[in-house]
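Undergrad: compute the structure for the input listed below.
(one chain, ligands or ions: 1)
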Amino acid sequence: MADLVDLRSDTVTRPTAGMREAMAAAEVGDDVYGEDPTVNALEAEVAALFGHEAALFAPSGSMANQIALQLLVPPGEELLCDADAHVVTYEIGAAAAYGGISSRTWPAVGADIDPEVVARMIRPDGYFAVPTRAIAVEQTHNRGGGGVIPLDTLRELRGVADDAGVALHCDGARIWHAHVADGVPLTEYGRLFDTLSVCLSKGLGAPVGSLVVGSAEKIERARMIRKRMGGGMRQAGILAAAGRYALAHHVDRLAEDHARAARLAEAVAPFGVLASTVRTNLVPLDLTKHALDARALAAAARQEGVLISVLGPRTARLVTHLDLDDEGLDRALRALPRILAAA
Ligand SMILES: Cc1ncc(COP(=O)(O)O)c(C=O)c1O
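TA: Numbering: from 1, shown residues only. Alright, predicted model coming up:
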């Protein structure tokens, strides 16, 4: 893939030389015994970043989300989230399969949540209906084009959750991008949620790893759930070292990814391809009004050495990330308008 410009996802990044050095030098131990110093340091660091008591290193964002949901929602009870949320779209039914959790969704609105709509969906305790136990939001919103939920909306949602006595979870796989785009401190996000999952292997460029963040009591239980799900890792410090390096070196630079995404959005706009909501590193392409459908566009782009994602018949997506430099961006900026203009 070296000579291709890969815009399919921010998960395609490879560890940098500095990151590999940090991994090679990592002190390790058996993390199932709680004896890996690098994992312990990463967990403490991430908990502090969000102003929470504790955090737990997990192999993937999906597992981190599902551990958090099992912490918040007992079997047979209910989670509310967006119809396009990652937790109900791309986690292969895990909430139901592993947690026995019943999920109900509000219509897909990405980051544009109306807290009153959510409040009206909440069902109270009682033997006659499924009681709502948690609300999950996604910051930034993946299928919502990298949209950033405004801080005021999150505060209102916290109020809704408190009034109803339900928990609030954040799928913060790309919360770093929201932090950089809106300048909201991570501690400010942290204090609004009972649990967060945050990912080191999307924009931050680590090869593996996410963390569940929450109270000490919740993270103690999370450790059991992770082991039950097969996520207990041994000398995981090698991976945690990559995560620590990513946090130290790759958060502020996300602004570069956002700027490159904005340039891609501008380049496709003249061809009736709607990419107007771009705030962070995801550029959704709405091809409803274009002669090319998503598959045809992806095939033509591949011919030009540019890889893009097909999300639906007329929806494609471009993603900027650590492994995309200005040379790659320029190739994409030349190829995509040429293909769109020719159709
Ligand atoms: C918003 C969001 N949450 C969770 C995940 C899951 O991460 P993983 O692929 O590590 O399971 C992703 C993956 O892209 C994501 O975009």
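
Undergrad: any low-confidence regions in the stretch 151-300 of the chain?
TA: Confidence mapping of the stretch 151-300 of the chain against pLDDT under 70 gives the ranges 276.

Undergrad: could you pull up phi and psi at the nearest residue to G99 once chain neighbours are set aside?
TA: Leaving aside its chain neighbours, G99 sits nearest to Q70 (4.4 Å; criterion: CB to CB, 6 or more residues apart in numbering). (Glycine included, C-beta is placed from N, CA and C.) Main-chain torsions, Q70, degrees, to the nearest 10: phi -70, psi -30.

Undergrad: can you name the residues that contact Q70?
TA: Q70 makes contact with 98-99, 101, 225, according to CB atoms under 8 Å, 6 or more residues apart in numbering.

Undergrad: tell me the most packed of the residues you listed, by neighbour count.
TA: I101 (25 neighbours; other CB atoms under 10 Å).

Undergrad: doesn't A68 make contact with that residue?
TA: No. The criterion here is CB atoms under 8 Å, and I101 misses it with A68 at 11.2 Å.

Undergrad: what's the strand or helix carrying L340 in contact with?
TA: Assigned by DSSP states H and E, L340 belongs to helix 326-342. With contacts defined as CB under 8 Å, 6+ apart, helix 326-342 is touched by 5, 7, 260, 263-264, 267-268, 270-271, 273, 290, 292, 297, 300-301, 304-306, 318, 320.

Undergrad: okay, buried residues for that helix please.
TA: 328-329, 331-333, 335-337, 339-340 (16 or more other CB atoms under 10 Å).

Undergrad: all helices of the stretch 151-300 of the chain, in order?
TA: Taking DSSP state H, counting those that start in this stretch as the test, the helices found in the stretch 151-300 of the chain are 151-164, 175-182, 186-192, 216-228, 237-249, 254-268, 294-303.

Undergrad: where does this structure come near the ligand, residue by residue?
TA: Residues of the chain lying close to the ligand (CB under 6 Å from any ligand atom) are 60-62, 65, 86, 138, 142, 171, 173, 199, 201, 210.

Undergrad: closest residue of the stretch 1-150 of the chain to the ligand?
TA: The nearest approach of the stretch 1-150 of the chain to the ligand comes at G61, 2.5 Å away (CB to the nearest ligand atom).

Undergrad: OK, contacts around that residue?
TA: Neighbouring residues of G61 by CB under 8 Å, 6+ apart: 86, 171, 173, 197, 199, 201-202, 210.

Undergrad: same question, L311
TA: Counting by CB under 8 Å, 6+ apart, the residues that L311 touches are 143, 284, 294, 317.

Undergrad: residue contacts, the second one?
TA: Taking CB under 8 Å, 6+ apart, we find P284 in contact with 145-146, 275, 277-278, 311, 315-317.

Undergrad: out of everything not next to it in sequence, what's closest to the residue nearest the centre of the chain?
TA: In the chain, the residue lying closest to the centroid (CA atoms, centre = their mean) is A173, at 2.4 Å. Spatial nearest neighbour of A173, excluding adjacent residues (CB to CB, 6+ apart): C199 at 4.0 Å.

Undergrad: and for K227?
TA: Distances taken as CB to CB, 6+ apart place V32 nearest to K227, at 7.1 Å, with adjacent residues excluded.

Undergrad: would you agree that neighbour falls within a helix?
TA: Yes. Remark: V32 belongs to a helix, assigned using DSSP: H, G, I helix; E, B strand; the rest coil.

Undergrad: isn't it up against Q235?
TA: No. Using CB under 8 Å as the test, V32 is too far from Q235 to be in contact (10.2 Å).

Undergrad: between the two, tell me which one has more neighbours.
TA: Q235 (17 against 14).

Undergrad: list the contacts of the more buried one.
TA: By CB under 8 Å, 6+ apart, the residues touching Q235 are 28-31, 36.

Undergrad: among those residues, which one lies nearest to G231?
TA: D31 (10.5 Å; CB to CB).

Undergrad: give the contact list for that closest one.
TA: By CB under 8 Å, 6+ apart, the neighbours of D31 are 39, 57, 232-237.

Undergrad: please redo it, this time with the cut-off set to 10 Å
TA: Contact partners of D31, counting by CB atoms under 10 Å, 6 or more residues apart in numbering, are 37-40, 43, 57, 232-237, 239-240.

Undergrad: no more questions from me, cheers.
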